[in-house]
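> give me the fold of what follows.
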Amino acid sequence: MFRLESKIDVKGSEFLKNREDYLRILAEFKETLSKVRRGGPPQSVARHKERGKLLARERIDLLVDRNTPFIELSTLAAFGLYENEFPAAGIITGIGVIHGKETMIIANDATVKGGTYVKETIKKHVRAQEIAMENHLPCVYLVDSGGVFLPEQANVFPDKYDFGRFFFNQARLSSKGIPQIAVVMGSCTAGGAYVPAMSDETIIVRNQGTIFIGGPPLVKAATGEEVTAEELGGAEVHTTISGVADHLAEDDTHAIRICRNIFESIRRNEYQPMDVIPSEEPYYDAEELYGILPIDLKKPVDSREIIARIVDGSKFHEFKERYAPTLVTGFAHIMGFPVGILANNGVLFSETSLKAAHFIQLCTSRSIPLLFLQNITGFIVGKEYEHRGIARDGAKFVHAVANANVPKFTVIFGGSFGAGNYAMAGRAYEPRLLFMYPNSKISVMGGEQAANVLITVKEDQLRAQGKALLPEEREKMLQTILKKYEVEGSAYYSTARLWDDGIIDPVDTRKILGLSIAISRNRNYEKTQYGVFRM
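Prediction:
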């Protein structure tokens, strides 16, 4: 493969100004992350520690192999919601390595409203199980939860992907031979009691962990019986009488040690065959991304400059370089793993769609994972393009993405607008993982375009009534729409609602993608079968 040649002047004023502006965006992001990672309010954290319990992230640190990465997912879930009383949605999820085996870890944070679940907590838990199922990852549940957050019960209980989905997923994971280990380190109440009950093996901490379908208050209300939590469903009960738990731990550290011991007997999956080569650092410094990434989305960015700072040796074998240049396609390696890359370099035309569909077919026929680098305004519009069949050709692109059974990974490094989001493997097209950069935006269209469309519609309505939109009314409407799209299009708004798997620091992209491709190999890639392509 040839090394990409960067055309960026890293000492130029434009680069340095962009870098300065981007570092401010990054500093705000890291400060926000730091606040969220503190967990619940200080008094809750203090109470938690007084009980001799480790914090959720401390538990994870002890659980995973030393000097191995842990990719935390959706850290800013529920950010800006519930008056920010549910940092990280009260649950930590992520992918770590335990005894050399990539594992999905789901840990309740009891310092956040007692580890109870709101809508975003459930969505985050279910998403973690989906990732585990897609990639055949063992699951560890570090349980310390009071169950449903009762004031929000109408939003968390009855629907298909609500609280009950956890146990459905556990049953499905088990049927596929995917190991699940529960470590009960605190409360495990009501429906939550099924988490350990449906796991392969369960560990419970003495005088700390409890498992019961109905807690002491409910038992008294229903039967009149008075019983303590420990008598009803403590560690002694479940390891000597009921048999619901399999291992008794003296404290959190002991419980984690038992969990790690269990992983010694878990069989490693057979990896998907792949031509892996020795990893090579990019020729160009990844930190140069800060001076390249778009802050003003109107300014074009050559996506090859992004690729050059992510892939091994900055080497890239471009496919159809001279044809349909608004989409860059080609082959590279990331951390030694082969990958096919599709990166936006402008609006999508008919020929762009044909090029993309062709390239995706090549990758699926060779069992090569796909990486989509999004910075897309959408498909071209206008009479000429409609007459030439942009909808038909765009459909080929969408068909290819939807049916590609190799792992898909998506990184939004700029804008993600309209149907371009779909074609470039947005959330609806089930990429194994989807990440955003702090500067990125996502919405049905850009704010200015939306404002112009809505104002035009309003003016047409008024004109039909013999009226007109006054200039001050027009300006007020314009500013209202622009503000709405600025807020709702931000990466923070997206990640709070789990439309992605997290915002990441651009310099971590390579490491995160390398581990993402590695975990995808735990399951053999299925053969791709395409539907009907309209010709």
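> against S490, how distant is S303?
To S490, S303 is 22 Å away according to C-beta to C-beta, to the nearest Å. The way it works is simple: take the backbone N, C-alpha and C, and place the C-beta from them, glycine included.
> these two: which is more packed in?
Taking neighbours as other C-beta atoms under 10 Å, S303 and S490 compare with S303 leading, 23 against 20.
> quick check: that one touching L371?
No. S303 is beyond contact range of L371, at 11.3 Å (criterion: C-beta atoms under 8 Å).
> helix or strand for the nearest residue in space to E72 that is not next to it in sequence, which one?
Nearest non-adjacent residue to E72, counting by C-beta to C-beta, 6 or more residues apart in numbering: G94, 4.1 Å away. Using DSSP states H and E, G94 falls within strand 91-98.
> what's the following helix or strand after that strand?
Per DSSP H and E, the first helix or strand lying C-terminal to strand 91-98 is strand 101-108.
> quick one, what contacts the spatially closest residue to Q529 that is not a sequence neighbour?
Nearest residue to Q529 in three dimensions, chain neighbours excluded: N403, at 6.7 Å (C-beta to C-beta, 6+ apart). N403 makes contacts with 528-531, as judged by C-beta atoms under 8 Å, 6 or more residues apart in numbering.
> how far away is N403 from N524?
Separation of N403 from N524 (C-beta to C-beta): 17 Å.
> please apply the same query to L173.
The gap separating L173 from N524 is 17 Å, by C-beta to C-beta.
> which of the two has more neighbours?
Using other C-beta under 10 Å as the criterion, L173 and N524 rank with L173 on top: 23 against 13.
> ok but that one is inside a helix, no?
Yes. Under DSSP: H, G, I helix; E, B strand; the rest coil, L173 sits within a helix.
> looking at the chain, which residue lies furthest from center?
G466 (50.1 Å; C-alpha atoms, centre = their mean).
> what inclination does the strand holding G94 have with respect to strand 101-108?
For strand 91-98 against strand 101-108, the angle by axes from the mean of the first three to the mean of the last three C-alpha atoms, to 10 degrees is 160 degrees.
> can you name the next helix or strand after the lengthiest helix in the chain?
In terms of residue count, the longest helix belonging to the chain (DSSP state H) is helix 13-36. Next helix or strand after helix 13-36 toward the C-terminus (DSSP H and E): helix 42-50.
> ok, residues contacting that next one?
38-39, 55, 110-112.
> export the contacts of N403 to a markdown table and tack on pLDDT?
Output for the contacts of N403, formatted as a markdown table (pLDDT from 0 to 100):
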| residue | pLDDT |
| --- | --- |
| T528 | 95 |
| Q529 | 94 |
| Y530 | 93 |
| G531 | 89 |
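> what is the nearest of those to Q461?
Among the contacts of N403, G531 lies closest to Q461 (C-beta to C-beta), at 40.1 Å.
> how about that closest one, nearest residue that isn't a chain neighbour?
Spatial nearest neighbour of G531, chain neighbours left out: H399 (5.7 Å); criterion: C-beta to C-beta, 6+ apart.
> spell out the secondary structure type for the one you found.
Assignment for H399 (three-state DSSP): helix.
> residues in contact with it?
Neighbour list for H399: 357, 530-533 [criterion: C-beta under 8 Å, 6+ apart].
> just L142 next, same as before
Taking C-beta under 8 Å, 6+ apart, we find L142 in contact with 56, 59-60, 63, 105-108, 183, 185.
> what strands flank the helix or strand containing it, and is each parallel or antiparallel?
Taking DSSP H and E as the criterion, L142 maps to strand 139-145. Counting by DSSP bridges, the strands paired with strand 139-145 are strand 101-108 (parallel), strand 180-189 (parallel).
> can you dump the C-alpha coordinates of it into CSV?
The C-alpha coordinates for strand 139-145 follow below in CSV (Å, rounded to 0.1, in the frame of the first residue of the first chain):
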residue,chain,number,x,y,z
CYS,A,139,-21.1,-10.6,30.2
VAL,A,140,-20.3,-9.7,33.8
TYR,A,141,-23.0,-7.9,35.7
LEU,A,142,-21.8,-6.0,38.8
VAL,A,143,-25.2,-5.7,40.5
ASP,A,144,-25.9,-3.0,43.0
SER,A,145,-29.4,-1.7,42.1
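> and it, how far out from the chain's middle?
A distance of 19 Å separates the centroid of the chain from that of strand 139-145, by C-alpha atoms, centre = their mean, to the nearest Å.
> that one vs helix 42-50, what angle?
Relative orientation of strand 139-145 and helix 42-50, computed by the same axes, to 10 degrees: 110 degrees.
> now strand 139-145: mean pLDDT?
Across strand 139-145, pLDDT averages out at 97.
> what are the buried residues along it?
Across strand 139-145, burial judged by 16 or more other C-beta atoms under 10 Å covers 139-145.
> how about I341: what's its closest non-neighbour residue?
Nearest non-adjacent residue to I341, counting by C-beta to C-beta, 6+ apart: L371, 4.9 Å away.
> check which helix or strand covers that neighbour.
Assigned by DSSP H and E, L371 belongs to strand 370-376.
> report the buried residues of that strand.
Neighbour-count burial for strand 370-376 flags 370-376 (criterion: 16+ other C-beta under 10 Å).
> okay, strands next: where are they in the stretch 201-350 of the chain?
With DSSP state E, counting those that start in this stretch, the ranges of strands along the stretch 201-350 of the chain come out as 201-205, 210-212, 247-249, 317-319, 327-334, 337-344.
> how about those strands in TSV, adding distance to G389 and mean pLDDT?
Below are the strands of the stretch 201-350 of the chain laid out as TSV (distance: least, C-beta to C-beta, whole Å; pLDDT from 0 to 100):
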stretch	distance to G389	mean pLDDT
strand 201-205	57	98
strand 210-212	60	94
strand 247-249	63	98
strand 317-319	23	98
strand 327-334	17	98
strand 337-344	21	98
